[in-house]
Structure formats: structure tokens, C-alpha cells
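Visitor: Pasting the sequence and the predicted model now:
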Amino acid sequence: MKKIMFVFLLVFILGCGITSNIIYDTEYSFKQGIIEINSIDTKHGITFDKPSSDIEYLNNALVDFYALKNKFSLLKPSDDTNALMELINFRIFDLEANVQLQLGNSYGGKGTVKNGFACNQRPYILAFANYYNESAKTGFIAVEYLKELFRSYPENAALLDIRTSYPMILNVSYEKIFNRARNEARVMDFYCKDEIIDETDPFADLLG
């Protein structure tokens, strides 16, 4: 009797493990995914090309997008669901990049050399530069997901209100952010060398 119960429990556990990877076994279209993504955008008052300058709004939207990504990851595999994963990853990384951007902007005038500076601003300027650097790196990843969507799933991408040139335009925007980060850090390196302790400085990679 105990042996029979053990076998029953083993089959039950294995069965749960097998079925837990895909919880939505029905077909799910790319259009359905777009509707859900648009619903999140509407809820938080954002769009793919106008995310928000409010960090709280961005973080709240990210919570919903991560939940939706989890749902997409459990869908029955198809071209539509694979395309949705590229799209949701693009949106998540792009929003993450914007969070970093706004964290940099939160330092205001004391975080930039743009309108003059003093060397005692170095911690703020390098923090600003670091956030901009992280924003650019995360943004470049977002662009790659969008490029892959257009490259591998052109029919799905055609359903979006996104021009085929948009990945290139977005990449240029993140290049500007990246260059701004390096320029700010290099000015600190050139004019405020006495403020730099050693190569263990957490922003040393920006000064190369």
C-alpha cells in the first residue's frame, strides 16, 4: 500500500513539473499581446517613444511589464509569442534605460560641467556620468531586441506603430547619452586630477 502511494505521489509531482512550464496551451496571437502592452501604456500614460520623466511612473510601468513578460514566457511557443518576447524585452530594457537617465538628471546643475563647475562637484558629476553610461549600455541592449524583432519577425513588426528606421534613431539617441557620460567624466579627469584617488575609483572606467 505504501509503495502504491509513493508511486502515485511521484507521478503527481512529475506531472506538475511537466505541465508547469507552459500554462497557456491555447494559441496566443501577436495582436493580443499588443493589446495588453497598449493597456499598460495607457494605464501609466506612456508610449514606446515617450516613456516619462517621472521615475516612479517608470518603475510602476516596469512592474507591469515584467509581469506580462512572465506571462509571455509561459505561452505555447510560436512565431507570434517569440516576437512578443522580443518586443517586451525591448520595452523593458528601454524603460530601464530611461530610469537610469532620469536618475542622472536628478543631480541637476551640480551633476554636470555644462554650465561651469568646481572640482568639489566631482562626486555628483561622476554619479551623473555613471547613470548616463548605464542608461546608454542598457539602451543599446533594448535596440538589439527591437532590431531582432524587425529582422526575424517582419510581419509582426509591421503591425506596430513603429517605423523601420526607429531602431537606428534610438541607437543614435543612446550614443549621444554615452558620449555625454564620457565627456563629463573626462573633464573631471583633466581638470580635477587631484580629486581622483586611484584606479579603484568606481568611475575609473569612464575616464579611459
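Guide: Structure received.
Visitor: Now Thr47. Its backbone dihedrals?
Guide: Thr47 has phi and psi values of phi -140, psi 170 when expressed as degrees, to the nearest 10.
Visitor: what's the answer for Phe72, then?
Guide: According to degrees, to the nearest 10, the main-chain angles of Phe72 amount to phi -60, psi -40.
Visitor: Give the closest residue to it in space, chain neighbours not counted.
Guide: Leaving aside its chain neighbours, Phe72 sits nearest to Leu84 (5.0 Å; criterion: Cβ to Cβ, 6 or more residues apart in numbering). Just so you know, the C-beta spots here come from the backbone N, C-alpha and C atoms, and that holds for glycine as well.
Visitor: quick one: secondary structure of that neighbour?
Guide: helix (DSSP: H, G, I helix; E, B strand; the rest coil).
Visitor: Would you agree it is in contact with Ile35?
Guide: No. Judged on Cβ atoms under 8 Å, Leu84 makes no contact with Ile35 at a distance of 11.2 Å.
Visitor: Compare those two (neighbour count), which wins?
Guide: Leu84 (28 against 10; other Cβ atoms under 10 Å).
Visitor: tell me which element the closest residue to Leu87 other than its chain neighbours falls in.
Guide: When the adjacent residues along the chain are set aside, Leu87 lies closest to Leu149, with 5.8 Å between them (Cβ to Cβ, 6+ apart). Following DSSP states H and E, the helix or strand that holds Leu149 is helix 122-152.
Visitor: just checking, what packs against the helix or strand following that helix?
Guide: Proceeding C-terminally, helix 122-152 gives way to helix 154-157 as the next helix or strand, assigned by DSSP H and E. In terms of contacts (3 or more Cβ pairs under 8 Å, 6 or more residues apart in numbering; DSSP states H and E), helix 154-157 is packed against helix 79-105, helix 122-152.
Visitor: need those in a markdown table with mean pLDDT and distance to Gly111, can you?
Guide: Rendered in a markdown table, the data for the helices and strands packed on helix 154-157 read as follows (pLDDT from 0 to 100; distance: least, Cβ to Cβ, whole Å):
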| stretch | mean pLDDT | distance to Gly111 |
| --- | --- | --- |
| helix 79-105 | 97 | 7 |
| helix 122-152 | 96 | 3 |
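Visitor: now these as CSV including distance to Thr47?
Guide: Below are the helices and strands packed on helix 154-157 laid out as CSV (distance: least, Cβ to Cβ, whole Å):
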stretch, distance to Thr47
helix 79-105, 10
helix 122-152, 14
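Visitor: Among those, single out whichever gets nearest to Val113.
Guide: Across these, Val113 has its closest neighbour in helix 122-152 (6.2 Å, Cβ to Cβ).
Visitor: hmm, back to that, any idea how far the residue nearest to Leu87 lies from Ala185?
Guide: From Leu149 across to Ala185, the span is 33 Å (Cβ to Cβ, to the nearest Å).
Visitor: any idea of the angle the helix or strand in which Lys176 is found forms with helix 79-105?
Guide: Assigned by DSSP H and E, Lys176 belongs to helix 166-191. Using axes from the mean of the first three to the mean of the last three Cα atoms, to 10 degrees, the direction of helix 166-191 lies 30 degrees away from that of helix 79-105.
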